[in-house]
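Participant: give me coordinates for this.
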Amino acid sequence: MLPVYTGGLSAPPESDGKNRFVSYDTALGFHPGMATCTSCQQQVMTNVTYKAGQYAWLMSLLFICLCFVLCFIPLIINKFKDAYHTCPRCNKVLHIERRKCCK
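Facilitator: Next comes the predicted model:
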């Protein structure tokens, strides 16, 4: 059975080499959204966890140059971190929204 692409961005690549897609009405950003899990095939509201990515580390380095006291702010505040959308049922990562320095 071939996966059906219904819009949005693709999920992270699977290890079995097959293309899998997450379907959702609007693009998943930095807040929870509705998606269909590629693992359990359920329509779910995604859980979002934030992890420090390249942008957070770059901003931290910039803050070190400006003032040492402020250097940990990008590693603490979610506004600087990447958003990982996961299925609340099976905990599979459905989408990663990465912060970018330039748009």
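Participant: distance from the chain centre to the helix or strand of the chain with the lowest mean pLDDT, please.
Facilitator: Within the chain, no helix or strand scores below helix 73-76, which has a mean of 83 by mean pLDDT, DSSP states H and E. For helix 73-76, the distance from its own C-alpha centre to the chain's C-alpha centre is 17 Å (CA atoms, centre = their mean, to the nearest Å).
Participant: elements contacting it?
Facilitator: Secondary-structure packing of helix 73-76 (3 or more CB pairs under 8 Å, 6 or more residues apart in numbering; DSSP states H and E): helix 54-66. Quick note: C-beta positions are derived from backbone N, CA and C, even for glycine.
Participant: give me the contact list for the least confident helix or strand of the chain.
Facilitator: Counting contacts by CB atoms under 8 Å, 6 or more residues apart in numbering, the residues outside helix 73-76 that touch it are A52, Y55, A56, W57, M59, S60, F63, F80, K81.
Participant: ok, the first one - contacts?
Facilitator: So the one you mean is A52. Contact analysis of A52 by CB under 8 Å, 6+ apart lists P74, L75, F80, K81, D82.
Participant: if I look at it, how far off is L61?
Facilitator: In this structure, A52 and L61 are separated by 12 Å, where distance is defined by CB to CB, to the nearest Å.
Participant: what's the separation between the residue in the chain sticking out farthest from the centre and I77?
Facilitator: For the chain, the C-alpha farthest from the mean C-alpha position belongs to C67; by CA atoms, centre = their mean, that distance is 29.5 Å. The gap separating C67 from I77 is 16 Å, by CB to CB.
Participant: cool, A35 as well?
Facilitator: Distance, A35 to I77, using CB to CB: 25 Å.
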